[in-house]
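A.B. asks: got a predicted model here, sequence first, then my questions.
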Amino acid sequence: MNELRYTLLADGPGDRALIPILTWLLQEYLPSWAIQAQWADLWRLPNLPNVLHQKIKLTIDFYQCDLLFIHRDAERVALADRLAEVADAVEEARKFTTLPPCVGVVPVRMTEAWLLFNTDAIKEAAGNPNGTAHLSLPGLRRLEEVPDPKAMLHNLILEATELGSHRRKHFKVKRAVQRIPECIEDFSPLRELPAFSNLEEELRETIACQRWGD
């Protein structure tokens, strides 16, 4: 069986929630391949640089792979500008090291926006899969317009627990966020989002260029 090992370099530790999404997307195009994911945990290193191209070089130094995903939240920056920032960083990093194919991952506005479409997964991650709380999720086409997806997702998780106010204060919301993508089998609804479609198109072109599916 063919194997593809990829590494995710992300903005912060909480963005490792992208791994199940990226693995699903790769399996869509390489269904017979074994996909192995790595998380670039650079935050354990002393004196971590703030410059993206230096982080890319460090990632390759410590996490050898066939494919590198580079995540940046769009936040208040246009998607095209953020993707250009990633592309420039990749070109700069190539001056100092040999890189595998690189693909930018830029959710609008942030990773949590891509987790706001599945009520069942949120309830399961909240530890209350049979809960009766009504969760008011934004429509798929509005996900990229939510001003603070992280705050919305955290509030929805707490609502889904159906715990009292005192117990909610002690509920580990960040851990639940990481569980949400693990509770989703199909991420195809995200194809309605321009940022996700851009990621899929870039990944498809990379797979074709590398002839991984042949």
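C.D. replies: Right, received. Where do you want to start? Everything numeric here is computed off the predicted structure, so don't read it as measured data.

A.B. asks: show me what the lowest-mean-pLDDT helix or strand in the chain is in contact with.
C.D. replies: Among the helices and strands of the chain, helix 165-168 carries the lowest confidence by mean pLDDT, DSSP states H and E, at a mean of 89. Residues outside helix 165-168 that contact it (C-beta atoms under 8 Å, 6 or more residues apart in numbering) are 158, 161. The way it works is simple: take the backbone N, C-alpha and C, and place the C-beta from them, glycine included.

A.B. asks: can you show me the strands along this protein?
C.D. replies: Here the chain has its strands, by DSSP state E, at 3-9, 34-39, 67-71, 102-105.

A.B. asks: with mean pLDDT added, can I get these in a markdown table?
C.D. replies: A markdown table is the format used below for the strands of the chain (pLDDT from 0 to 100):
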| stretch | mean pLDDT |
| --- | --- |
| strand 3-9 | 98 |
| strand 34-39 | 97 |
| strand 67-71 | 98 |
| strand 102-105 | 98 |
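
A.B. asks: residues contacting residue 83?
C.D. replies: Residue 83 touches 104, 106, 198, counting by C-beta under 8 Å, 6+ apart.

A.B. asks: which parts of the least confident helix or strand of the chain are buried?
C.D. replies: By neighbour count with 16 or more other C-beta atoms under 10 Å, helix 165-168 contains no buried residues.

A.B. asks: how far is it from where the chain is centred?
C.D. replies: Chain-centre distance of helix 165-168: 29 Å, with C-alpha atoms, centre = their mean, to the nearest Å.

A.B. asks: related to what we said a few turns ago, let me have the strands of the chain in CSV, extended by distance to residue 178 and mean neighbour count.
C.D. replies: CSV is the format used below for the strands of the chain (distance: least, C-beta to C-beta, whole Å; neighbours: other C-beta atoms under 10 Å):
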stretch, distance to residue 178, mean neighbour count
strand 3-9, 13, 19
strand 34-39, 11, 15
strand 67-71, 15, 23
strand 102-105, 17, 23
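
A.B. asks: to residue 94, which of the ones you listed lies closest?
C.D. replies: Shortest distance between residue 94 and these, using C-beta to C-beta, is found for strand 102-105: 9.2 Å.

A.B. asks: so which bits of the longest helix along the chain are buried?
C.D. replies: For the chain, the helix reaching the highest residue count under DSSP state H is reported as helix 194-210. Residues of helix 194-210 classed as buried: 195-196, 198-200, 202-203, 206-207 (neighbour count, 16+ other C-beta under 10 Å).
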